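Undergrad: Make a model of this:
(2 chains)
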Amino acid sequence: MAEHKKVSEALLSESEATLRLVDTLLNELRSAEEAGMTEDGEIPGVPEGLSRQGSGALATLSEVLTRAYNEIMSALDALKSSREVLKQATAERVHRTEAKLREVSSATELAATDMLNGLDRALKLVDRLDAASERGEDSAAIRNELREEIFRLISCLQFQDITSQQLSYASSMLLDVARRLQVVATLFNIDVSSTEGADEQVEDFEGGTFDSAASMMNAAARQAVADEIFPFPAS
Amino acid sequence: MKFLVVDDSATMRRIVINSLQRIGYSDCVEAADGTEALERFDSSIDFVITDWNMPGMGGLDLVKALRAREDGRNVPVLMVTTRSVREDILAAAAAGVNNYVVKPFTPQLLKDKIEQILRAKQGAA
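TA: Take a look at the predicted model:
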């Protein structure tokens, strides 16, 4: 990535230098035209063959070169702005994607920790059940506790829905970057067939199939916002 | 009491149904989006639990569609979703949602909200 950036910056700088040289030459040609031809029909500083075509042809050449220069400069401006758009679009979106993937990672870790803790508690309850059985004691209370623990473990699996939404958001960001790159690539006649369909997929994501802010974090604080709006008395 | 559980995530549907069974409600119908929910909804449904973000018809549109129907006008609806921005919750309230649970939820919270809605309904009757 850094290597490509260096190459493109070098190319841009080289193109600019070349165009400045063309600009300088054009100015020289204009000066020569204004100064007029010498007695033997030559224009000072202009190659012999070119000069022989006369000042009319020179004026036409000058116009063509000026037009070409302007077109190249506007193309260069477009390139520069494309580069800025690309930089902004990719950097910002890749950053957001990366942040979302980190969130997925921490959500799965949190869920795994919760489940491991729950399994530890469940195993201890099984030990207590064994002990109660050996002593011939009633174990109904321990069995209920074990059921509750297993039930809590099932609830931990909500992380699947939440991380799935987080991943959908990350995918939508990547597809959006692909779509933007596709637009720029088209300017350079680069084959972009592999990114075809990105538009449709982005539209699918924008259709509301996921919540971009889905999170495992601060559930109680977020629930409190809902409870303010639906103020039912606590049971 | 018959519940209609609407969520595009099969895992979430199972978790919600499991929670309902745990608190004594074993009669449940499932739907993966709003459109399917409307197809499955009839006067035998006593309670709707719906997610918000789903492909096709989402939860908010489902609630609006239910409230526009004669047989869905008064059915209790609990929204269970990851969306927790105040504006979203207000929009859900305006659409006719009876209460709101933010994911991830505890089984106790889901139980409390269902009971609160049912108590309020009984009080209103």
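
Undergrad: And residue B:25, its phi and psi?
TA: phi -110, psi 100 (degrees, to the nearest 10).

Undergrad: Am I right that it is in contact with residue B:5?
TA: No - applying C-beta atoms under 8 Å as the test, residue B:25 and residue B:5 come out as separate, 10.2 Å apart. C-betas here are computed from N, CA, C, even on glycine.

Undergrad: can you give me the strands for chain B?
TA: Secondary structure of chain B (DSSP state E): strands at B:2-6, B:27-31, B:47-50, B:77-81, B:99-102.

Undergrad: Which strands and helices lie in contact with the fourth one?
TA: Put plainly, it is strand B:77-81. Under the contact criterion of 3 or more C-beta pairs under 8 Å, 6 or more residues apart in numbering or on different chains; DSSP states H and E, strand B:77-81 touches strand B:47-50, helix B:59-67, strand B:99-102, helix B:107-124.

Undergrad: which SS class is residue A:231?
TA: For residue A:231, the assignment made with DSSP: H, G, I helix; E, B strand; the rest coil gives coil.

Undergrad: Now for it: which residues touch it?
TA: By C-beta atoms under 8 Å, 6 or more residues apart in numbering or on different chains, the contact list for residue A:231 is empty.

Undergrad: And for residue B:50?
TA: By C-beta under 8 Å, 6+ apart, the contact set of residue B:50 is B:4-7, B:34, B:37, B:59, B:62-63, B:77-80.

Undergrad: let's see 7 Å
TA: Going by C-beta atoms under 7 Å, 6 or more residues apart in numbering or on different chains, residue B:50 touches B:6, B:37, B:59, B:62, B:77, B:79.

Undergrad: Tabulate the residues you listed in CSV, adding columns for neighbour count.
TA: Formatted as CSV, the contacts of residue B:50 follow (neighbours: other C-beta atoms under 10 Å in any protein chain shown):
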residue, neighbour count
B:6, 31
B:37, 26
B:59, 29
B:62, 30
B:77, 24
B:79, 29
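
Undergrad: what's the farthest-apart pair in the residues you listed?
TA: Farthest pair in the contacts of residue B:50 (C-beta to C-beta) is B:37 and B:79. Separation: 12.7 Å.

Undergrad: Let me know how buried residue A:89 is, in neighbour terms.
TA: Residues lying near residue A:89 (other C-beta atoms under 10 Å in any protein chain shown) number 17.

Undergrad: okay, it: pLDDT?
TA: At residue A:89, the model reports a pLDDT of 73.

Undergrad: In which helix or strand does the spatially closest residue to it that is not a sequence neighbour reside?
TA: Spatial nearest neighbour of residue A:89, excluding adjacent residues (C-beta to C-beta, 6 or more residues apart in numbering or on different chains): residue A:180 at 4.6 Å. Residue A:180 belongs to helix A:159-187 when assigned by DSSP states H and E.

Undergrad: Can you pull the residues of chain B lying near chain A?
TA: Neighbours of chain A within chain B, by C-beta under 7 Å from any C-beta of the partner chain: B:9, B:11-12, B:15, B:18, B:22, B:53-55, B:58, B:82-84, B:86, B:89-90, B:93, B:99-100, B:102-104, B:106-107, B:109, B:112, B:115-116, B:120.

Undergrad: So, low pLDDT: which residues of chain A?
TA: Within chain A, the segments meeting pLDDT under 70 span A:1-12, A:14-15, A:18, A:29, A:32-58, A:191-208, A:232-235.

Undergrad: how does it look with 90?
TA: A:1-96, A:100, A:107, A:110, A:137-138, A:151-152, A:155, A:172-219, A:231-235 (pLDDT under 90).

Undergrad: Spit out the contact partners of residue A:160.
TA: Residue A:160 neighbours (C-beta under 7 Å, 6+ apart): residue B:11.

Undergrad: residue boundaries of the helices in chain A?
TA: Taking DSSP state H, the helices of chain A run over residues A:2-35, A:48-52, A:54-135, A:140-156, A:159-187, A:198-206, A:219-229.

Undergrad: Pick the most deeply packed of these.
TA: Stretch with highest mean neighbour count among these: helix A:159-187 (a mean of 19; mean count of other C-beta atoms under 10 Å in any protein chain shown).

Undergrad: Which of the strands of chain B sits closest to residue A:216?
TA: Of all those, strand B:99-102 comes closest under C-beta to C-beta, at 11.1 Å.

Undergrad: Give me the contacts around the closest one.
TA: A:219, A:222-223, A:226, A:230, A:232, B:78-81, B:84, B:89, B:92, B:109-110, B:113, B:116-117.

Undergrad: For it, enumerate its sheet partners and note whether each is parallel or antiparallel.
TA: Using DSSP bridges, strand B:99-102 pairs in its sheet with strand B:77-81 (parallel).
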